[in-house]
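Student: output the structure for:
(one chain, ligands or ions: 1)
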Amino acid sequence: MKVFFVGAGPGDAELITVKGARLLQEADVVVFAGSLVDRELVRTYAPDAEVYDSAGMNLDETTAVLANGVAADKRVVRLHTGDPSIYGAIQEQMAALDELGIDYEVVPGVTSAFAAAAALKQELTLPEVSQTVIITRMAGKTPVPERESLAEIARIGATLVIYLSVSMIGEVVDELLRGAYTPETPVAVAARVTWPDEQLLEGTLSDIAAKVKGAGIGKQAVILVGDVLRARQEGLKAKSLLYDKGFSHGYRKGIVA
Ligand SMILES: C[S@@+](CC[C@H](N)C(=O)[O-])C[C@H]1O[C@@H](n2cnc3c(N)ncnc32)[C@H](O)[C@@H]1O
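Tutor: Sure, this is the predicted structure:
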């Protein structure tokens, strides 16, 4: 028996992977991040499991539930929102299981950055605009290394997806303006993406803070920043070569005019 760390996806119960859903259906014990994962999703896939909400538990307590489940030969799932590897605090949980000699596996999920891009119908990597996506956050209770401050990262001018920071939208804007972005740089804020009360806001660095405050968005949102966001209104600067008629690759011969 081992513990399965499973990504639940951003909210919509259909956005969990097939493997994650199967593991939940088979689970005897589920520990889930109740502040972000829908209890309904847990009920749907694991109606008969013993269910623990980790929101009110500390690391020792969650580890004890996981370890006791494995010791009792039960099938144990630790369910995380989005993808477990992004701000999921799974490393410390895996280290605690290592100390106890308990095996585990990680099943990925759809992180909110990609759910937000899908909701906006937006590619994050566009030729001649940006080929780099950076997932980051402002410092909160968890500090961010100085070299990764938003102002520092903003010097690159890549597409940014900023988690855990919408409550500090004013500071986010100030930091970004100290880098390669301008007041005209487009920004989107995607709140509770794929939930029934999803909100999508679009603006620029000059007006997004007022829009976020006006919409009353204070948490559970990602902030997307970068010139790729212009493409839907202003058109594409360039198309990728991947589907270009004249471009040959291993799976297709290009047409030579
Ligand atoms: C503790 S982190 C967990 C991230 C998660 N592991 C993931 O991959 O999406 C929580 C943050 O993720 C983002 N988030 C989680 N679910 C979201 C959703 N449905 N819509 C927008 N942002 C979300 C927000 O920035 C929130 O503050």
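Student: state the distance from residue 31 to residue 49.
Tutor: 10 Å (Cβ to Cβ, to the nearest Å). C-beta coordinates here come from the backbone N, C-alpha and C atoms, glycine included.
Student: ok, for residue 70, nearest residue in space, not its chain neighbours?
Tutor: Ranked by Cβ to Cβ, 6 or more residues apart in numbering and with sequence neighbours excluded, the top spatial neighbour of residue 70 is residue 1, at 4.8 Å.
Student: these two touch, right, that neighbour and residue 77?
Tutor: No - Residue 1 lies out of contact with residue 77 (Cβ atoms under 8 Å); the separation is 11.7 Å.
Student: between those two, which is the more surrounded one?
Tutor: residue 77 (29 against 13; other Cβ atoms under 10 Å).
Student: and the residue of the stretch 51-200 of the chain found nearest the ligand, what is it in contact with?
Tutor: The ligand sits closest to residue 82 of the stretch 51-200 of the chain, with a gap of 2.0 Å, by Cβ to the nearest ligand atom. By Cβ atoms under 8 Å, 6 or more residues apart in numbering, the residues touching residue 82 are 7-10, 36, 88, 109-112, 115.
Student: got the residues of this structure near the ligand?
Tutor: 10-11, 36, 80-83, 86-88, 111-112, 163-164, 190-195, 219-222 (Cβ under 6 Å from any ligand atom).
Student: picking that back up, of the contacts of residue 82, closest to residue 211?
Tutor: residue 112 (19.0 Å; Cβ to Cβ).
Student: sketch out the strands for the stretch 1-150 of the chain, chain order is fine.
Tutor: Here the stretch 1-150 of the chain has its strands, by DSSP state E, counting those that start in this stretch, at 3-7, 29-32, 50-53, 76-80, 104-107, 133-137.
Student: just grab the bridge partners of the residue of the stretch 51-200 of the chain closest to the ligand for me.
Tutor: Taking DSSP bridges as the rule, residue 82 bridges to residue 9.
Student: do you know the pLDDT at it?
Tutor: Predicted confidence (pLDDT) at residue 82: the value is 97.
Student: equivalent analysis for residue 257, please.
Tutor: So, for residue 257, pLDDT stands at 62.
Student: correct me, but residue 236 touches residue 227?
Tutor: No - Residue 236 lies out of contact with residue 227 (Cβ under 8 Å); the separation is 11.6 Å.
Student: between the two, which one's more packed in?
Tutor: residue 227 (21 against 15).
Student: spit out the contact partners of the more buried one.
Tutor: Residue 227 touches 129-130, 157, 185-186, counting by Cβ under 8 Å, 6+ apart.
Student: where does it fall, phi/psi-wise?
Tutor: phi -70, psi -20 (degrees, to the nearest 10).
Student: and it, what pLDDT?
Tutor: At residue 227, pLDDT is 96.
Student: for the closest residue to residue 87 other than its chain neighbours, list each beta-bridge partner.
Tutor: Excluding its sequence neighbours, the residue lying closest to residue 87 (Cβ to Cβ, 6+ apart) is residue 163, at 5.9 Å. Bridge pairing for residue 163 (DSSP bridges) gives the partners residue 137.
Student: wait, residue 163 sits on residue 116?
Tutor: No - Residue 163 lies out of contact with residue 116 (Cβ under 8 Å); the separation is 10.2 Å.
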